[in-house]
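Asker: I'd like to go over a predicted model; first the sequence, then the structure.
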Amino acid sequence: MARNIPLDNSRYNEYRPLMQRQPKPKRGPQDCMEARVFVSLMRTADALARGAEALLKPYSLSGTQYNILRILRGAGENGLACREVGCRLITRDPDITRLLDRMESRGLIARARETQDRRVVKTRITAEALRLLAELDQPVHDLHCRQLRHLPAKQLRQLSDLLDRARGDQEEAQSSR
């Protein structure tokens, strides 16, 4: 036989508003498309850089050190002044002199004061570093191909063009300072 027991609905008024759909919070300036693209670029750059760092780690090279070696290989026998190396880096390093000191102690670069202008110290790549880069050229190329193989050539060209355009204004503004 069923008993007539009243339901306890004393918490009903506290619970019901919680179950109703809450309005979405209003978007702030940090939610604009430019901010979303910026965050996406940073996350993508970090994801791709992690692969490069893992490849370079067994060679005891950082991404910045590898970048310096490539810059100096491109400079040829003339080498570059410390400031010029710093300006060409992908990621700016405020302590380029100390970084070059470590690379020189490993025998990867050589520095010498110029005879014409004793204020200028030229940095040149060593034969050992050229051998190291030659060993890394194919694995680095293969890494880039693996990382971006899912994008067709046309999209890669478009992405490259868009990134060049996005960076262009920033590089011009910084070089005029």
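Answerer: Yep, it's here.
Asker: what ranges do the helices span in the protein?
Answerer: 12-19, 33-56, 63-75, 82-88, 96-105, 127-148, 153-175 (DSSP state H).
Asker: just these: most buried one?
Answerer: helix 63-75 (a mean of 19; mean count of other CB atoms under 10 Å). The C-beta positions use only the backbone N, C-alpha and C, and glycine is treated the same way.
Asker: List the residues that contact Gly63.
Answerer: Residues counted as contacts of Gly63 (CB atoms under 8 Å, 6 or more residues apart in numbering) are 49, 52-53, 56, 90-91.
Asker: before we move on, the earlier item: dump the helices of the chain to TSV, plus mean pLDDT and distance to Ala112.
Answerer: Listed next are these as TSV, based on pLDDT from 0 to 100; distance: least, CB to CB, whole Å:
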stretch	mean pLDDT	distance to Ala112
helix 12-19	62	73
helix 33-56	93	27
helix 63-75	96	13
helix 82-88	90	12
helix 96-105	93	11
helix 127-148	97	15
helix 153-175	84	28
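Asker: Let's have the ones you listed in TSV, adding distance to Arg113.
Answerer: Formatted as TSV, these follow (distance: least, CB to CB, whole Å):
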stretch	distance to Arg113
helix 12-19	74
helix 33-56	30
helix 63-75	17
helix 82-88	12
helix 96-105	14
helix 127-148	20
helix 153-175	27
